[in-house]
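Q: No sequence on hand, only this structure:
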């Protein structure tokens, strides 16, 4: 299963729509959003996929976002997600709580740990855990998303 990973949309629909086109071109089956969603319009753009969301530090209208996410058929986990897809345990947090992110990575309980917040793309291996920050779709020199094949754990970060 191919998943798309996005972060830091900050309510910017044009960039999110461009990201959605990229995700479609890779035929992703689900999307992971690492926080700083910004508006219900973003939820609508990603509603064509089962999408897993965590909140970021700038997501102030959390109940409104949660209602929109649930109404779209998405999954809202609060500030930390822990779930399984395609036989792989996945953890997501925004990254503003550095201690939480470090604990998730160092636990080595996850095949994939995703975060955002820094607006800097990153992909590295920490033991059995792929640590991935897809970069940002707003306030970044280059707007990027990540694609991960959960069967092979092959991954790439691509420009939007």
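A: That came through, no problem. Note that this is a predicted model, so its numbers are computed, not measured.
Q: end to end, how far does stretch 149-160 reach?
A: 19 Å (Cα to Cα, to the nearest Å).
Q: Give the buried residues for that stretch.
A: Within stretch 149-160, the residues that count as buried by 16 or more other Cβ atoms under 10 Å are 150, 155, 157, 158, 160. Every C-beta, even on glycine, is put in place using the N, C-alpha and C of the backbone.
Q: Serialize these to JSON lines and add fields for distance to residue 60 and secondary structure.
A: Shown next, in JSON lines, are the buried residues of stretch 149-160 (distance: Cβ to Cβ, whole Å; DSSP: H, G, I helix; E, B strand; the rest coil):
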{"residue": "150", "distance to residue 60": "32", "secondary structure": "coil"}
{"residue": "155", "distance to residue 60": "31", "secondary structure": "strand"}
{"residue": "157", "distance to residue 60": "28", "secondary structure": "strand"}
{"residue": "158", "distance to residue 60": "30", "secondary structure": "strand"}
{"residue": "160", "distance to residue 60": "25", "secondary structure": "coil"}
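Q: Widest-spaced pair of those residues?
A: By the measure Cβ to Cβ, the buried residues of stretch 149-160 have their two most distant members at 150 and 160, which lie 21.5 Å apart.
Q: Distance check, the nearest residue to residue 87 once chain neighbours are set aside against residue 112.
A: In space, residue 87 comes closest to residue 150 once its chain neighbours are excluded; the distance is 7.6 Å by Cβ to Cβ, 6 or more residues apart in numbering. Applying Cβ to Cβ, to the nearest Å, the value for residue 150 to residue 112 is 8 Å.
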